[in-house]
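> Mind folding the following:
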Amino acid sequence: MVVLFLLLLIIIFYVLHLKSIPKPSLNNIDKFVNYKKIVVTPQSSIYKKININTWYKDSLYFNIATNISNIYPIDTVNITDGVSQNIDEVENNINHLGFVQEDILNDYIQNKPNTNIRYITCIGLEQIIVLLPANSKINSWQDITNKKIGTLNVRSGSYLTLKNILKLLPSNRNEIINLDFNSENIVNAFNSNKIDMFFTVVSNPNNIIKEVCNRMPIKLLGVKGLDDDYIKFVLPNYEKNNIDPSEYKAVINYSIKSVQTKVYLICHKDFADSESYLLIKTLFNNFNYIRSNGDNLYKLQMFEFNPSYLYATNNIVQLHNGVRKFFKDINIITETDNEDCVYSVGINQCSNEKINKNQILI
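Just a heads-up that it's a prediction; the model follows:
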């Protein structure tokens, strides 16, 4: 009898305890019904303090890096002097990433084949833009001899690309003047006859170029007068495109022929395979975010950047091991030794007889 009484007391206590537990509020649950699923997986990168090296604040490099840091654990977004510093930082630091123009990286690797630098992906596009005073008699690159050409500092991609172009001109009696990349410096250099033209490789449209055009009458040159073979020698994988002069209030009203080059994201060869794998996967999965998260200017700068640019199409650069594994896992890499299938993707696909389409050899 005593045992039954104790058992009854236990049951009563348990029932009362259940009633005392607050029920979930339907109102609280409703607050989260439209939220996306969030999965947080701690990565070693959080502890390794990954740095990403860019350019000046609000440059395309800086804004892309900021977007990447919003979706992948980047410790610091560094502002640098340009692509040469970015290359140096990545060459000498395992946990540094950096942005670099394709042509500059090609030259660097050819001069230093045992480099520590590895490729992650193409992440943006830049164009050659040449500014001239509206009353300049220069109408073509063939008119450029004994001229003072303004460009950016000696560690910038613009400086290095300009030097390579000038080497190919019939006459190379020109002086390069290095300037800080801001509108006041460029306008003052023009007004004081310090420079006859200004050359840069930069995202298009560009706010600093716009500011120059707002402060003085400007005409644009592009690549008029440069032989296609010259351009291909300096920018082997260049793509032709046009600059809309209305973006810059230029004194001419027709489009300017120019070329664009790719911007690469690079890392050190000893950067953890797991990190580069997760990073490239994150960039693939968040392509639209990388391409469109920014103001109207940023959206215009990234307008021509499409998913096909994410794939490696340069046979000079080496893929990082983690990136290679990712490409294999999504079935776009083949081990075939058929020369016709090297770096074939998109419109350059290998035939079905040679290899399954959509695959590339790396």
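
> Which residue ranges of the stretch 201-350 of the chain form helices?
207-215, 228-234, 273-285, 287-292, 296-301, 321-329 (DSSP state H, counting those that start in this stretch).

> ok, Ile231 - contacts?
By Cβ atoms under 8 Å, 6 or more residues apart in numbering, the contact set of Ile231 is Val223, Tyr238, Val259. (C-beta placed from N, C-alpha, C; glycine too.)

> Quick check, pLDDT for the closest residue in space to the last one that isn't next to it in sequence.
Nearest in space to Val259, with sequence neighbours left out and distances taken as Cβ to Cβ, 6 or more residues apart in numbering, is Tyr238 at 4.4 Å. Confidence at Tyr238, expressed as pLDDT, is 87.

> Please apply the same query to the one 10 residues further on.
Per-residue pLDDT puts Tyr248 at 91.

> what does Ile11 give?
For Ile11, the model assigns a pLDDT of 49.

> hang on, the earlier thing: of the contacts of Ile231, which is the most crowded?
Val223 (22 neighbours; other Cβ atoms under 10 Å).

> Can you verify my assumption that it contacts Lys257?
Yes: at 6.0 Å, Val223 counts as touching Lys257 under the criterion of Cβ atoms under 8 Å.

> would you list every one of the strands in this structure?
51-53, 76-78, 96-101, 117-133, 148-151, 175-178, 197-202, 218-220, 239-243, 256-268, 333-334, 360-361 (DSSP state E).

> Can you add distance to Pro307 and give those strands back as CSV?
As requested, the strands of the chain are exported to CSV (distance: least, Cβ to Cβ, whole Å):
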stretch, distance to Pro307
strand 51-53, 21
strand 76-78, 24
strand 96-101, 19
strand 117-133, 10
strand 148-151, 32
strand 175-178, 37
strand 197-202, 23
strand 218-220, 30
strand 239-243, 16
strand 256-268, 14
strand 333-334, 17
strand 360-361, 14
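
> Let me know which of these is tucked in deepest.
Using mean count of other Cβ atoms under 10 Å, the stretch among the strands of the chain with the greatest mean number of neighbours is strand 96-101 (a mean of 26).

> What average pLDDT does that one get?
So the average pLDDT for strand 96-101 ends up being 98.

> In terms of secondary structure, what does that strand contact?
Packed against strand 96-101 by the contact rule (3 or more Cβ pairs under 8 Å, 6 or more residues apart in numbering; DSSP states H and E) you find strand 51-53, helix 60-71, helix 83-92, strand 117-133, helix 157-168, strand 256-268.

> chain center to that strand: distance?
8 Å (Cα atoms, centre = their mean, to the nearest Å).

> neighbouring strands for that strand, and are they parallel or not?
strand 51-53 (parallel), strand 256-268 (antiparallel) (DSSP bridges).

> Relative to Leu319, which of the ones you listed is closest?
The closest of these to Leu319 is strand 256-268. By Cβ to Cβ, the value is 10.4 Å.

> and the residue lying closest to Gln318 once chain neighbours are set aside, what does it touch?
Excluding the flanking residues, the one nearest Gln318 by Cβ to Cβ, 6+ apart is Arg118, at 5.4 Å. Residues near Arg118 by Cβ under 8 Å, 6+ apart: Ile266, Cys267, His268, Lys269, Phe271, Ser276, Val317, Gln318, Leu319, His320, Asn321, Val323.

> quick one, domains of this protein?
Domain assignment for the chain, taken from automatic domain parsing, gives 45-330, 331-362.

> Now mean pLDDT and distance to Asn178 too, for the helices of the stretch 201-350 of the chain, in TSV please.
Putting those into TSV (pLDDT from 0 to 100; distance: least, Cβ to Cβ, whole Å) gives the following:
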stretch	mean pLDDT	distance to Asn178
helix 207-215	96	16
helix 228-234	87	19
helix 273-285	97	33
helix 287-292	97	32
helix 296-301	97	24
helix 321-329	95	35
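
> got those helices as TSV, with distance to Thr54 columns?
What follows is those, written out as TSV (distance: least, Cβ to Cβ, whole Å):
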stretch	distance to Thr54
helix 207-215	15
helix 228-234	24
helix 273-285	16
helix 287-292	14
helix 296-301	14
helix 321-329	20
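
> Which among those helices is found nearest to Tyr72?
For Tyr72, the closest of these is helix 273-285, at 5.1 Å, according to Cβ to Cβ.

> which ones are touching Asn206?
Ile129, Gln301.

> Distance-wise, check it relative to Phe233.
Using Cβ to Cβ, to the nearest Å, Asn206 is found at 26 Å from Phe233.

> before we move on, what about Ile266?
Distance, Ile266 to Phe233, using Cβ to Cβ: 23 Å.

> and if you look at Asn135?
For Asn135 relative to Phe233 (Cβ to Cβ), the value is 32 Å.

> Between the two, which is the more surrounded one?
Set Asn135 next to Phe233 and count neighbours by other Cβ under 10 Å: Phe233 wins out with 14 against 8.

> hmm, back to that, just the domains of the chain: most buried one?
domain 45-330 (a mean of 18).

> how close does the nearest residue to Tyr248 once chain neighbours are set aside sit to Lys148?
Computed as Cβ to Cβ, 6+ apart, the closest residue to Tyr248 that is not its neighbour in sequence is Cys213, at 4.2 Å. Distance, Cys213 to Lys148, by Cβ to Cβ: 20 Å.
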